[in-house]
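**Student:** Provided below for reference: sequence and predicted model.
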Amino acid sequence: MELELGQNIMRFRKERGFTQEQLANLLNVSVSAVSKWELGNNRPDLELLPGLAEIFQISIDSLLGYEKSYKSVGKTIDKINVLLEKEQYKAAIEEAMEVLQRYPNDARINEIIADSYYSICFSVNESEGKKENIEKAIYYYERSIELFDEIQAPESTKEVLYCNIATLYALEEMAMYDEAVRILERYNGNGKYNNLIADYLFAAGKRKEAKEKAMQHCVREQTFVFNDLSILADMYIREEDYKTAILFLETEIRQFELFMEEGGSYANRAYAGRAYIISGLYLKINCPDEAKKWYEKAREHAKIYAENPSMLISSMKYCKELEGRMIDSYGEILARLISDG
């Protein structure tokens, strides 16, 4: 370490154009001290390292020669990832453990070991010793989170690890559903983990709460899927690729059938609006029979909606407990459909 540090001090000093005397003056030490550092006969006190790094305009890791080692670790991690892709989990763990002996405080190595054990837990071919593998995966995930905290990694990086831990807690061999839910709730902004939380609540016997949570997630995600499919369809319409646009819209429209109430709901309004657009697209590609069929569907659902008009999410089947309202531009289309015959 001392020799490598000395060589680095000499290299960075020369790169910056300093003499030993100039560096000594900047650090308020003797020239002989700098000379001894560079020869490897001694090393600077710890409190001098930040000053040296600042003078050379580098990181302390670069000064100590760690960055080169980190690059080497990165290459090893790439090799281990190849083993994981090939489902050679035990070989991946063996490789990673060797590196861990040299770099026990490297968050990435701890994470990849955790990922390896995590993968084993879900491998059909690896059912023996599952509880032990779960415990090891959790241990190394928690260790990597601890190390990521020390280097101030983004919260999003740690979120993935915490969610993996929650998944492990919910496996039958652990069956700690309350702990899994507690972890996921911490990162459940906008309800993005409602589906997983619902699954664990149901397994824990909280069935009513689970169903409500799952439906909240379903409606939230379906809304985004509806919007995405409509946007994609519109893109293809603008490119005059009407057949592809129809595929996206027909995929979208089928989702609304799940939420239709017998007496009518917003789902019928959405269906009518999309069906009207599909009808027009079939006319553009010279398919009058299909166009007529979809137009009749649009009229049918527009009339059903007119019997129980509502823009509220709670108007739809399975959604009675959900708040919020929908927004669309189908008002004129529905009026036209209802007035037609």
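**Tutor:** Cool, got the structure. None of these values were measured; they are calculated from a predicted model. Numbers count the residues shown, from 1 in each chain.

**Student:** In stretch 237-256, which residues are buried?
**Tutor:** By neighbour count with 16 or more other C-beta atoms under 10 Å, stretch 237-256 contains the buried residues 237, 242, 245, 246, 248, 249, 250, 252, 253, 255, 256. (Glycine included, C-beta is placed from N, CA and C.)

**Student:** tell me the SS of residue 110?
**Tutor:** Assigned by DSSP: H, G, I helix; E, B strand; the rest coil, the conformation of residue 110 is helix.

**Student:** For it, report the pLDDT, please.
**Tutor:** Model confidence at residue 110, expressed as pLDDT, equals 92.

**Student:** if I look at the residue nearest to it when sequence neighbours are not counted, how far off is residue 200?
**Tutor:** Leaving aside its chain neighbours, residue 110 sits nearest to residue 144 (3.9 Å; criterion: C-beta to C-beta, 6 or more residues apart in numbering). Remark: distance between residue 144 and residue 200 (C-beta to C-beta, to the nearest Å) = 23 Å.

**Student:** Identify each buried residue in stretch 48-57, please.
**Tutor:** Result for stretch 48-57 [16+ other C-beta under 10 Å]: buried residues 52, 53, 55, 56.

**Student:** what would those look like in a markdown table with distance to residue 25, pLDDT and secondary structure?
**Tutor:** Formatted as a markdown table, these follow (distance: C-beta to C-beta, whole Å; pLDDT from 0 to 100; DSSP: H, G, I helix; E, B strand; the rest coil):
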| residue | distance to residue 25 | pLDDT | secondary structure |
| --- | --- | --- | --- |
| 52 | 13 | 86 | helix |
| 53 | 17 | 83 | helix |
| 55 | 11 | 86 | helix |
| 56 | 15 | 82 | helix |
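
**Student:** Next one: residue 195 from residue 154, what distance?
**Tutor:** On the measure of C-beta to C-beta, residue 195 and residue 154 end up 24 Å apart.

**Student:** typo on my end, it should be residue 291
**Tutor:** Distance, residue 291 to residue 154, by C-beta to C-beta: 51 Å.

**Student:** Looking at the two, which one has more neighbours?
**Tutor:** Between residue 291 and residue 154, counted using other C-beta atoms under 10 Å, residue 291 has the larger neighbour count: 18 against 8.

**Student:** wait, what's in contact with the more buried one?
**Tutor:** Taking C-beta atoms under 8 Å, 6 or more residues apart in numbering, we find residue 291 in contact with 279, 280, 282, 283.

**Student:** got it, and residue 175?
**Tutor:** Applying C-beta under 8 Å, 6+ apart, we find residue 175 in contact with residue 203.

**Student:** That one belongs to a strand?
**Tutor:** No - counting by three-state DSSP, residue 175 is not part of a strand but coil.

**Student:** Go through the lowest-mean-pLDDT helix or strand in the chain and flag the buried ones.
**Tutor:** Within the chain, confidence by mean pLDDT, DSSP states H and E is lowest for helix 60-64 among all helices and strands, at a mean of 73. Judged by neighbour count using 16+ other C-beta under 10 Å, the buried positions of helix 60-64 are 63, 64.
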